[in-house]
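# Fold the following for me, if possible:
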Amino acid sequence: MGEARHETRRDFLRGLARGLLAGGAIAGVGGLAARRGEKCTNQFVCRGCPAFDGCGLPQALSAKQTMPRE
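Sure thing, here's the model as predicted:
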């Protein structure tokens, strides 16, 4: 049929590095695409914000823990 090609150690490591880089790039792009992209519309003043109840930003989560329950 065809000639069998033997892969050298250098070729193997080069291919492995390419595969790892490609996998990392795909995972990074997937992570960026999966982010919600939530932005504060009230200049991080949580009290009285209309989106406060559903907000998942770190400042809002911290404010929810420290604010007294009504």
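
# C-alpha only now, for contacts and for neighbours.
OK.

# Tell me where the model's unsure across the chain.
Applying pLDDT under 70 to the chain flags residues 1-2, 33-36, 69-70.

# quick one, helices of it?
Taking DSSP state H as the criterion, the chain carries its helices at 9-34, 58-66.

# List the buried residues of the last one.
Using 16 or more other Cα atoms under 10 Å as the burial criterion, the residues of helix 58-66 that qualify are 60, 64.

# starting at the chain centroid, how far to that helix?
With Cα atoms, centre = their mean, to the nearest Å as the basis, helix 58-66 stands 21 Å off its chain's centre.

# All further residue positions should be reported with the first residue as 17.
Yes, from this point I'll number from 17; that puts the last item at helix 74-82.

# which residues are contacting that helix?
60, 62, 68, 71 (Cα atoms under 8 Å, 6 or more residues apart in numbering).

# hmm, 10 Å instead?
With contacts defined as Cα atoms under 10 Å, 6 or more residues apart in numbering, helix 74-82 is touched by 56, 60-63, 65, 67-73.

# Need the winner for burial among the helices of the chain.
Comparing the helices of the chain by mean neighbour count (mean count of other Cα atoms under 10 Å), helix 74-82 ranks first with a mean of 13.
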